[in-house]
Every structure is written in C-alpha cells, then in structure tokens.
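> Sequence and predicted structure, then a few things I'm wondering about:
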Amino acid sequence: MNLMTLFRRVLTRTYWARRMRAVGPGTVLHKPIFIANPQYIELGARTLIRDHARIETVTRADVQQPPRLVIGDDVNIEQGVHIICQGEVVIENEVSITPYCVIVDTDHPFDDPDRPPKIGARLNTRTDSRVRIGQGSFIGAHSVILPGVDIGRGCVIGAGSVVSGSIPDYCVVSGSPARILRRFDTTTRTWKSEPR
C-alpha cells in the first residue's frame with residue numbers, strides 16, 4: 001500500500017466515518033469529493049469512491065421522511081459520478097459505476113415555468129421514489145439512471161445510456177431511452193439477443 005492510499009484510508013476512517021451513518025472497513029474516499037448531509041449515507045466494506053464524485057442527500061422542511069443512501073460492499077464509484085438522493089437510493093454489493101454517471105431519485109417539476117423559483121431550484125416533494133442497482137451490475141460511463149428505476153442483478157448498462165424504466169436481472173441494455181439488447185439464460189448459461 002502506498003503512502004497516498006494509506007492517507008486516504010486514514011482520512012476515511014477518522015473524518016468520514018464519524019459523519020456518516022456507517023462506513024465499512026477498507027472503504028476509501030478520494031479527494032476532492034463533495035458530500036452533502038453525510039449522516040444519511042451508509043457505505044459498506046471495501047468500497048472505493050474516486051475523486052470528483054458528488055454524493056448528495058437532500059433534506060427539506062416540507063418533506064418529513066429523511067433520505068437514505070446505501071452503498072454496499074465491494075462497490076467502485078469512479079471519477080465524477082453524481083448521486084442525488086431525496087428518498088432512497090440503494091446500490092447493492094459488487095456494483096461498478098464508471099466515470100461521469102448520474103443517479104437521481106428526484107426531479108425538477110416545471111409547473112408554472114414562468115414563475116419563481118426557477119425550475120432548477122425546484123425539487124419534487126415525493127418520498128416514494130427510489131432507485132436500486134442490483135448486485136454485480138455494471139453502469140457504463142456517462143449513463144443516467146432516473147427516478148423510480150430498479151436495475152436487477154448482473155446487468156450491464158451500455159455507456160451513455162439513459163435508463164428511465166426498470167430492468168430485470170441479467171440484461172444488457174443500451175440507448176436513450178435504454179432498451180434491452182440481450183438477456184442471460186441461467187439454464188443454458190448463454191446470452192440471447194432480444195428481437196427488435
């Protein structure tokens with residue numbers, strides 16, 4: 001282990017572990033990083049969050065239920081990933097999220113678009129919206145995961161995809177909006193292409 005890795009590990013254990021709901025052993029956060037409301041974040045063991053990530057839990061006076069962001073064991077979150085959680089975001093064990101992905105469980109309502117506050121300053125008040133990314137899934141670079149999405153285990157999300165609907169276990173999806181290209185047959189142990 002080099003000196004920089006050791007420093008990051010010590011900083012995670014001494015600084016972030018005291019501010020977050022939980023931080024598992026061997027987890028490392030790289031600087032620079034932006035984390036808002038860390039008391040609502042749980043990190044599993046041996047998880048790695050790279051530099052320039054932006055991890056936000058959003059609290060509001062008009063929403064009673066606090067946010068819940070859970071990131072499991074052996075997860076890697078690469079450079080520039082942006083996660084916004086107002087309700088619940090769960091990233092299960094062994095998920096890989098590659099650079100510059102966006103994961104959000106809320107949106108910006110645009111009723112009365114000509115009246116203040118500006119659209120970008122508005123957030124939905126729903127607390128039932130959640131995002132789940134299943135165990136062992138891989139999220140390709142620059143992908144966007146939108147509110148209400150449930151991604152099954154062992155899925156591959158192609159680079160640059162916009163996922164607006166839920167995906168069953170063991171699927172390859174790609175596109176904007178993302179669509180299923182292949183499914184893994186656990187009986188024959190083969191990937192089968194989906195008809196267009």
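Okay, I see it. Residues are numbered from 1 along each chain as shown.
> wait, Ile83 sits on Leu69?
Yes - with contacts counted by C-beta atoms under 8 Å, Ile83 reaches Leu69, the gap being 6.9 Å. In short, each C-beta sits where N, CA and C put it, glycine included.
> the more surrounded of the two?
A side-by-side neighbour count of Ile83 and Leu69, using other C-beta atoms under 10 Å, places Leu69 first with 28 against 25.
> Then the more buried one would be within a helix, right?
No - with DSSP: H, G, I helix; E, B strand; the rest coil as the criterion, Leu69 is strand rather than part of a helix.
> quick one: contacts for it?
Residues in contact with Leu69, defined by C-beta atoms under 8 Å, 6 or more residues apart in numbering, are Tyr40, Ile41, Glu42, Ile55, Thr57, Ile83, Cys85, Glu88, Val89.
> mind running it again at 6 Å?
Applying C-beta atoms under 6 Å, 6 or more residues apart in numbering, we find Leu69 in contact with Ile41, Thr57, Cys85, Val89.
> tell me which element Arg9 is part of?
Arg9 belongs to helix 3-11 when elements are defined using DSSP states H and E.
> hang on, the earlier thing: among the contacts of Leu69, which ones are in helices?
When helices are assigned by DSSP state H, not one member of the contacts of Leu69 lies inside them.
> need those in CSV with distance to Val156, neighbour count and pLDDT, can you?
Conversion of the contacts of Leu69 to CSV gives the following (distance: C-beta to C-beta, whole Å; neighbours: other C-beta atoms under 10 Å; pLDDT from 0 to 100):
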residue, distance to Val156, neighbour count, pLDDT
Ile41, 26, 25, 98
Thr57, 27, 23, 95
Cys85, 23, 26, 95
Val89, 20, 27, 97
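> Now go through the residues you listed and say which are in strands.
Among the contacts of Leu69, the residues falling in strands (DSSP state E) are Ile41, Thr57, Cys85, Val89.
> Looks like the third one contacts Thr57 (just checking).
Yes - counting by C-beta atoms under 6 Å, Cys85 touches Thr57, with 4.9 Å between them.
> Which residues are in contact with each of these two?
Jointly contacting Cys85 and Thr57 under the rule C-beta under 6 Å, 6+ apart are Pro67, Leu69.
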